[in-house]
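1. Structural data only, the sequence is not supplied:
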């Protein structure tokens, strides 16, 4: 498994942008499928965006056109560029990793708080 550390969260106003980073330690990062999840107070954790080891990305409908997931295998890092932020994007954002496609994500970071004020 890889160890994951998120960073880049903060307090911003509606319409602003943030870029989250997830740094991975361990071997073979390039072989992992990565994803960003978020959990708002009182709600279940939801998938925001995912990127395969081959670089194919998919997004939750609520963030399509606003968020972009990317990875830099040379830096063992996955990013989430978030533009046009909305108050409903407020949540703790988590990075997840899995080795096998369509299996459960089994490595998690500690999360980073994103708060969007109106």
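-> That came through fine. Owing to the predicted nature of the structure, the values given are computational and were not obtained by experimental measurement.
2. which residues pair with the most centrally placed residue in the chain across the strands?
-> Nearest residue to the geometric centre of the chain (CA atoms, centre = their mean): residue 36, 2.5 Å. Beta-bridge pairing of residue 36 under DSSP bridges involves residue 49, residue 95.
3. Next one: it from residue 14, what distance?
-> 20 Å (CB to CB, to the nearest Å). No exception for glycine: its C-beta is placed from N, CA and C like everyone else's.
4. mind checking how far residue 90 is from residue 79?
-> 20 Å.
5. Then residue 86?
-> In this structure, residue 86 and residue 79 are 20 Å apart, going by CB to CB.
6. More neighbours: these two, which one.
-> The neighbour comparison of residue 86 against residue 79 (other CB atoms under 10 Å) goes to residue 79, with 20 against 14.
7. In space, what's closest to the more buried one - neighbours in sequence excluded?
-> The shortest distance from residue 79 to any non-neighbouring residue, by CB to CB, 6 or more residues apart in numbering, is to residue 70 (5.0 Å).
8. what about the one you found, how many neighbours?
-> 15.
9. got it, and residue 29?
-> Residue 29 has 22 neighbours, counted by other CB under 10 Å.
10. Hmm, it is touching residue 72, no?
-> No: with contact defined as CB atoms under 8 Å, residue 29 does not reach residue 72; the gap is 9.6 Å.
11. so residue 108 bridges to which residues?
-> Beta bridges link residue 108 to residue 96, judged by DSSP bridges.
12. ok, now which ones touch it?
-> Contacts for residue 108 (CB atoms under 8 Å, 6 or more residues apart in numbering) come out as 4, 94, 95, 96, 97.
13. Equivalent analysis for residue 45, please.
-> Residue 45 is in contact with 37, 38, 39, 94, counting by CB under 8 Å, 6+ apart.
14. rerun that using 6 Å as the cut-off
-> Contact partners of residue 45, counting by CB atoms under 6 Å, 6 or more residues apart in numbering, are 37, 39.
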